[in-house]
Each structure stands twice: as C-alpha cells, then as structure tokens.
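A.B. asks: everything below, folded, please.
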Amino acid sequence: MLKEFAYSKSSNGAQLKIIGEADLHRIDQVFVFDKETGLETLTLDKCPPLELKHLLMLTSLKTLIVRHSVALVGPLGGQSDVEWQLPIEYIGINESNGITGKELTELLPHLPKLSKLEIWKCENIKKLVVGVDVQQTTQEASEMGGGEITAAAAEEEDDGVLLFPPHLFDSLQELVIFECPELVLVDPPTLVPGGGGLQALRSLHRLTIERSPKFLSTFSFSCHIFPSSLQSLVLCDVKGLRTLEPLSNLSSLTTLVLFGCGEDLKCQGLWSLISIGGHLQELKVSGSPGFFADWDPNPRRALENVEGGEEQQTQLVSSTLRELRTEDIAGLLAAPVWRFLSSSLTKLQLHGDWCEGMDRFIKEQEDALQLLSSLQELEFWSFKDLQHLPAGLCNLTSLKILSVNFCPAISSLPNDALPDSLEKLDVYKCSEVLKQYCRGLEGTIPEIKIW
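C.D. replies: Below you'll find the model as predicted:
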C-alpha cells in the first residue's frame, strides 16, 4: 500500500510523510489519527483524500501538503450543523487536478489561522476572486460583468472558481501560484475598502505568481492591483504589465523579481519604489532588454523655503536599490541611470542574453562601471561573444566577489588588473584558456573557484 512512510519527532514537532500506492484506499489503513493528535506537519503524496473526521482529530496540525491527489479533504457535508475549525497555518497543493475551486472555497472559511497558501499545477482552479464575501447572494455575484465571473459561469466551469473568505484579508501573509495556465484573477466590483485585484489582502507580505500568463489578463493596469503591505513580489511569465506604474503603491516592497513579463516592459514607475518613500533593495529583471531605455530618474529635487515657498537649494536624492540583475546593459550604463544608482548598488548581475555580437564594452560603459563606488559583487552571465571584461575594474575599491559565467569567448582578465579588495574569483562554464589563466592567479586572490 505504501511507497514511503516517514514519521519523525523533533523540536519542530511531529512530522509525517506518506507516499501511497494504488491499493491504499484510506489513510486510516496505515495511520491511527486519535493516537497522534500532536502531529504538526502532514505530507500526503498519491494518497486518497483525508476524511474530515480524521482531520479534526489533528488538533495541533499546522502544515498540510497534498500532492497528486483527487481531493484535499473528503466531503465536508455532515458537519454543516457543527461549528468546526482547523489550526492549519500553511497549505500546499501540488499537481492535484482533482482539487477544485469549490472544494477550497468551502474549506478556507474553517482555517482562521491560515497564513500561507501554495497552489501548484492545479488546472481545475481557473478563477480567483478576492474582496467578495463568500456568503454574498447570487444576485451580487451575477453583477460582475464583462470578463468577470457570474454564478452561471461558475457552474459552467465545473467549480473552477476559488473565492477567498474575508478572514484571509487579515491572516494570509504569503500566496504562491505556480503553473496554473488558465487561472485568472477576477476584478469584481469594489466591495471592500482598498480597491480591486488583491488589495483586500491587507496582510499579504509575499506574493509569487509563476507560469500563469493569464493571471492579470482582466486588468487594464490603470490602477493598483496589489496590496501596499507587500514586501516581496515575484512575477514570472505573467503577461500584460508594461510599466511599473501599477506597482507604485508598494511602499513596503524590498524585493521585486520580473522574469519573462514582456520584451516591452519598461521601468517607468520605478522611481517611487527606490527613492523617497520607497524601500526596494533587490530588483531582478529578465526578458525585458529595453527595461531602462530612455529613463531619466531625475534624482534632484527642489527644496522649498517653508516661509516663502521659493526654491532654496537642490539636493541629490539617493536610491535604496542594493542588488540589481538586468540584461539592459546600454540602458543601465546610460548617464542618468548609473549616476542615480552608482552610490547604492552593492551587487550587480549583468546578463548578455540579448547582447548578440557584443564583443566588448565601449569606453562610456567602462567609465560608468568604474563609478559604482559601493559595488561589492559583480557578475557577468551568458555573454556569448564578449572577448574582454570591461577595463578599469581595479577602480572598484569595494569589490569583493567577481564572477564570470557562460562567457566562452573570454580568454583573460583585464590588463589593468583587479582591485586589491577582491576576495573571491568565480569562473563557471567558460573556456579552458580562461580557466588556465585564472589558475595562474592562485595565491594572489584568497579564493578562486573554477567550475
């Protein structure tokens, strides 16, 4: 009946992982629930659904992970006349196409402490509605016009609709949605303070949406979509976002990752995230080769005289950004951009995926790199034609780590040497000529790693 049965106890509580086989018909065939009420973590893989009566016995359960299942919990009926709640704080669902939006919608109101929800590869969950009370009348639901959801549509789509109950607005802190290609975030009428989209989730700190290209397809991006409480936002292969203006309300955001969100994505709106009032420290962008093109952050602002209201002086506004990954070499190293970021960046990843034919950095770009006075880590990735690293790296007096990865045409390091501050040289998947050259530097740099 079992492929794996792993039970353990530690300072983190009791944990159980079950991987089933085809002839396992009920979990209580292999586990006595009323004997292990202290179980805190339960992982079920290729197992039949839990029965509610058994789940209610696990009064200490905090984490429930379900993989390759036809349902999350057996029928919830039979408990309708009894008030019941579960202490679960984290639910992870992975590759369980049998789990429907209707099932989750019915279960979530019984999870008052739920703070983290992960949904991976669940094709039968097709629409997410936030900001609507689950108990609303059918008439209210049917008023969601256009591309939104109606009660009839919910029935037609075979329970594809997932509604978040109001208590999640205050309890949910992390939401992960991965590879749900048909899942759409519905934009219903504003029924709670804070607006549409996900803004009702006012305690949400971390949001990750990956490989779900239609998720934001119902939005015009003329308004804010995400709650201002967000500290980390990861969007991968999510289409429609053309600028960062819809993110301008994210005053608490410290990490922003945008991979594969469109070749035409521009950085307009970034100013509000990395200047006065913003806290963004880490920005990673991939698949948008013109991200910084023609951007002038205008880092100087006028300070007004309090009494007369006249301009008194001009002060340089500093950036909060510490770590940056970009493929837009030309845009980043243009004067307005690098002048603004030069004093704040401590880690820079330059990717050459869109730099075909680029065999060297031009002098203006080399000069710009030398002015990154705070830089401690510098990485070069996937420059297929690059023959030389930029000159002047010895002027980066704070540089501690230099990495060269997937750069097959580079045969040596700059003739003007490396900074004395360098502590680690990392060379990965480069030419044998460069690897041999770097071996010759052993003893001059504390750590040299050649892969």
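A.B. asks: alpha carbons only for contacts and neighbour counts from here, please
C.D. replies: Will do.
A.B. asks: where does pLDDT dip in the chain?
C.D. replies: Low-confidence segments of the chain (pLDDT under 70): 77-82, 132-159, 188-195, 298-317.
A.B. asks: tell me where it has helices.
C.D. replies: Under the criterion DSSP state H, the chain contains helices at 52-55, 101-107, 138-142, 151-156, 168-171, 271-274, 329-332, 335-341, 363-370, 432-439.
A.B. asks: just the ones you listed: most buried one?
C.D. replies: For the helices of the chain, the largest average neighbour count (mean count of other CA atoms under 10 Å) is found in helix 271-274, namely a mean of 23.
A.B. asks: my read: residue 104 touches residue 161, true?
C.D. replies: No - using CA atoms under 8 Å, residue 104 is not in contact with residue 161, being 9.3 Å away.
A.B. asks: hang on, the earlier thing: right, so of the helices of the chain, which gets closest to residue 322?
C.D. replies: Nearest to residue 322 among the helices of the chain is helix 335-341 (8.7 Å), distances taken as CA to CA.
A.B. asks: hmm, who's touching the closest one?
C.D. replies: Here helix 335-341 makes contact (CA atoms under 8 Å, 6 or more residues apart in numbering) with 292, 295-299, 318-319, 321, 331-332, 368, 372.
A.B. asks: please redo it, this time with the cut-off set to 10 Å
C.D. replies: 274-275, 292-300, 316-322, 324, 331-333, 345, 364-365, 368-369, 371-372, 374 (CA atoms under 10 Å, 6 or more residues apart in numbering).
A.B. asks: wait, doesn't residue 28 sit right on residue 51?
C.D. replies: Yes - when contacts are counted by CA atoms under 10 Å, residue 28 is listed as touching residue 51 (9.0 Å).
A.B. asks: with neighbour numbers in mind, choose between these two.
C.D. replies: Neighbours of residue 28 and residue 51, each counted by other CA atoms under 10 Å, are more numerous for residue 51; the result is 16 against 12.
A.B. asks: now that one: how far from residue 99?
C.D. replies: 15 Å (CA to CA, to the nearest Å).
A.B. asks: same check, this time on residue 1
C.D. replies: 22 Å.
A.B. asks: more neighbours: which of the two?
C.D. replies: Here residue 1 and residue 99 are compared on neighbour count by other CA under 10 Å; more neighbours surround residue 99, at 24 against 13.
A.B. asks: mind listing what that one touches?
C.D. replies: Residue 99 sits next to 49, 68-73, 93, 122-125, 159-160 when contact means CA under 10 Å, 6+ apart.
A.B. asks: again with residue 123
C.D. replies: So residue 123 contacts 95-101, 160, 179-183 (CA under 10 Å, 6+ apart).
A.B. asks: switch the residues you listed over to JSON lines; also include distance to residue 393.
C.D. replies: Output for the contacts of residue 123, formatted as JSON lines (distance: CA to CA, whole Å):
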{"residue": "95", "distance to residue 393": "48"}
{"residue": "96", "distance to residue 393": "51"}
{"residue": "97", "distance to residue 393": "52"}
{"residue": "98", "distance to residue 393": "56"}
{"residue": "99", "distance to residue 393": "55"}
{"residue": "100", "distance to residue 393": "55"}
{"residue": "101", "distance to residue 393": "55"}
{"residue": "160", "distance to residue 393": "55"}
{"residue": "179", "distance to residue 393": "41"}
{"residue": "180", "distance to residue 393": "44"}
{"residue": "181", "distance to residue 393": "44"}
{"residue": "182", "distance to residue 393": "47"}
{"residue": "183", "distance to residue 393": "47"}
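A.B. asks: show me which of the residues you listed are buried.
C.D. replies: Buried positions within the contacts of residue 123, assessed by neighbour count (16 or more other CA atoms under 10 Å), are 95-101, 160, 179-183.
A.B. asks: measure the most centrally placed residue in the chain to residue 24 for me?
C.D. replies: Nearest to the mean C-alpha position of the chain, by CA atoms, centre = their mean, lies residue 234 at 2.1 Å. In this view, residue 234 and residue 24 are 38 Å apart by CA to CA.
A.B. asks: look up the closest residue to residue 164, ignoring the ones flanking it.
C.D. replies: residue 130 (5.4 Å; CA to CA, 6 or more residues apart in numbering).
A.B. asks: doesn't residue 167 make contact with that neighbour?
C.D. replies: No - counting by CA under 10 Å, residue 130 stays clear of residue 167, with 11.2 Å between them.
A.B. asks: so between the two, which is more surrounded?
C.D. replies: Counted by other CA under 10 Å, residue 130 and residue 167 do not tie: residue 130 has more neighbours, with 26 against 17.
A.B. asks: check contacts around the more buried one.
C.D. replies: 162-166, 168-169, 185-188, 190-192, 196-201.
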